[in-house]
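# this one's sequence-less:
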Ligand SMILES: [Zn+2]
């Protein structure tokens, strides 16, 4: 397959000089345990797969996206007891994002989408600061929060939030050789012992290994490659619509362009 001009990792300079992308997509994951049955790279695989699919659809519709190489590390500060887990702090994430955005702005790429696949990554405060400083349009997509109806329908109300049915189905479609379903635990959650913490609107991070003994949050039972395919199709279509509308937005249109 020849290099795709909308994937930075593949594209050559000749392609990019004539293509001139105007909206960058930064897939951002984490490298962490996903129950006992899925690869540590699960979030990176998901963010990259969705970014590439959505960019393809947008490109074919005449938009000018460019998918950047994925950031492989995320905030895993509550998982540092798990072997080989690497966590990056919010200050580090902020520095990376700032440098990426500043670089793109210099070349006239003034629209940036962070395609986040890890629930522990929080970009809002960083983007608020950066948006004000750089004056470029920065958008956060948490893919797992998109298409709630499809999520509920496809996974029958049991999508799970970490290594559950949704993520397992995603990987069964995308990287079936790397899913060892027979090794999976049930993905149970042990509630906090401090009673006052177990109610809506009250939050503190979970000490992950204690709260989720097999590291999973959500039962992968019922996962299938077919469900993964349906879900990926739906979400990447919705992301492509975001990319198309950003790419075709005119200067002066709200917000921030
Ligand atoms: Zn994940």
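Noted; the coordinates are in hand. The shown structure was predicted, so the numbers you read here are calculated from the model rather than taken from an experiment. Numbers count the residues shown, from 1 in each chain.

# make it CA atoms for all contacts and neighbour counts henceforth
Noted.

# tell me where this protein has helices.
Residue ranges of the helices in the chain, as given by DSSP state H, are 13-19, 42-60, 90-106, 124-134, 148-154, 165-174, 208-211, 225-248.

# what's the angle from the longest one to helix 165-174?
So that's helix 225-248. Per axes from the mean of the first three to the mean of the last three CA atoms, to 10 degrees, the angle that helix 225-248 makes with helix 165-174 is 90 degrees.

# give me the helices and strands touching helix 225-248, please.
Counting contacts by 3 or more CA pairs under 8 Å, 6 or more residues apart in numbering; DSSP states H and E, helix 225-248 packs against strand 23-28, helix 42-60, helix 148-154, helix 165-174.

# at 10 Å what do you get?
Packing contacts for helix 225-248, counted by 3 or more CA pairs under 10 Å, 6 or more residues apart in numbering; DSSP states H and E, involve strand 23-28, helix 42-60, strand 65-67, strand 111-116, strand 137-142, helix 148-154, helix 165-174.

# between these, which gets nearest to residue 10?
Nearest to residue 10, of all those, is strand 65-67, at 9.9 Å by CA to CA.

# just the residues contacting the closest one, thanks.
Residues outside strand 65-67 that contact it (CA atoms under 10 Å, 6 or more residues apart in numbering) are 4-11, 16, 19-27, 48, 51-52, 54-59, 109, 111-113, 115, 240, 243-244, 246-247.

# if we can go back for a sec, winner for burial among the helices of the chain?
helix 165-174 (a mean of 25; mean count of other CA atoms under 10 Å).

# go ahead and confirm residue 182 touches residue 37.
Yes: using CA atoms under 10 Å, residue 182 is in contact with residue 37, at 7.4 Å.

# so between those two, which is more surrounded?
Taking other CA atoms under 10 Å, residue 182 and residue 37 do not tie; residue 37 has more neighbours (20 against 8).

# give me the pLDDT for the more buried one.
pLDDT recorded at residue 37 is 98.

# now it: how far from residue 183?
Distance of residue 37 to residue 183, given as CA to CA, to the nearest Å: 5 Å.

# again with residue 237
Taking CA to CA as the measure, residue 237 falls 32 Å from residue 183.

# how about residue 215?
12 Å.

# joint contacts of those two?
The overlap between the contact sets of residue 215 and residue 183 (CA under 10 Å, 6+ apart) consists of 35-36.

# more neighbours, those two?
A direct count of neighbours by other CA under 10 Å for residue 215 and residue 183 places residue 215 higher, at 24 against 10.

# quick one, phi psi at the more buried one?
Torsion angles at residue 215 (phi, psi; degrees, to the nearest 10) stand at phi 70, psi -10.

# now it. Nearest residue, chain neighbours left out?
Spatially, and ignoring its direct neighbours in sequence, residue 215 is nearest to residue 35 (4.7 Å; CA to CA, 6 or more residues apart in numbering).

# ok, that neighbour - contacts?
Shown in contact with residue 35 (CA under 10 Å, 6+ apart): 162-164, 168, 181, 183-187, 212-220.
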